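K.L.:
give me a 3D structure for the following:
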Amino acid sequence: MSQPPAPIKTPCIKVCVVDGESGLCLGCYRRLNEVAGWARLSDAEREQIMAELPSRRALIRPEKLGIF
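P.N.:
Below you'll find the predicted structure:
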């Protein structure tokens, strides 16, 4: 019997609002194309993006982040 596929790791926190200025989601800091194609990316590609996410927060004006 085969094992079910492992769930895909995601930084999604169910706050899906894209900032028009930076182009990043205010919840997870991914770009819209990254969100849309997440399931098609390799594990390595997802890990690389996830490693970049903390630094992307600085690209969003702080007053926008305060609403969540």
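K.L.:
how about the strands of the protein, start to end?
P.N.:
With DSSP state E, there are no strands along the chain.
K.L.:
max-length helix in it?
P.N.:
Secondary structure assigned by DSSP state H gives helix 43-56 as the longest helix of the chain.
K.L.:
check which residues of it are buried.
P.N.:
By neighbour count, and taking 16 or more other CB atoms under 10 Å as the criterion, the buried residues in helix 43-56 are 46, 49, 56. Every residue, glycine included, has its C-beta placed from N, CA and C.
K.L.:
turn those residues into JSON lines, columns for distance to Trp38 and pLDDT.
P.N.:
Compiled in JSON lines, the buried residues of helix 43-56 are given as follows (distance: CB to CB, whole Å; pLDDT from 0 to 100):
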{"residue": "Arg46", "distance to Trp38": "7", "pLDDT": "97"}
{"residue": "Ile49", "distance to Trp38": "9", "pLDDT": "98"}
{"residue": "Arg56", "distance to Trp38": "15", "pLDDT": "97"}
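K.L.:
now the nearest residue to Val35 once chain neighbours are set aside, which residues is it bridged with?
P.N.:
Counting by CB to CB, 6 or more residues apart in numbering, Val35 lies nearest to Cys25, which is 6.3 Å off, once chain neighbours are set aside. For Cys25, the beta-bridge partners under DSSP bridges are Val18.
K.L.:
residues contacting Asp43?
P.N.:
Contact criterion CB atoms under 8 Å, 6 or more residues apart in numbering gives Lys9 as the residues in contact with Asp43.
K.L.:
ignore the last one, Arg30
P.N.:
By CB under 8 Å, 6+ apart, the contact list for Arg30 reads 11, 24, 38, 49, 53.
K.L.:
out of the residues you listed, which is nearest to Val18?
P.N.:
Checking the contacts of Arg30 against Val18 with CB to CB, the nearest one is Leu24 at 7.1 Å.
K.L.:
go ahead and confirm that closest one touches Val35.
P.N.:
No - taking contact to mean CB atoms under 8 Å, the distance of 9.9 Å between Leu24 and Val35 leaves them out of contact.
K.L.:
more neighbours: which of those two?
P.N.:
Here Leu24 and Val35 are set side by side on neighbour count (other CB atoms under 10 Å), and the busier one is Leu24, at 23 against 17.
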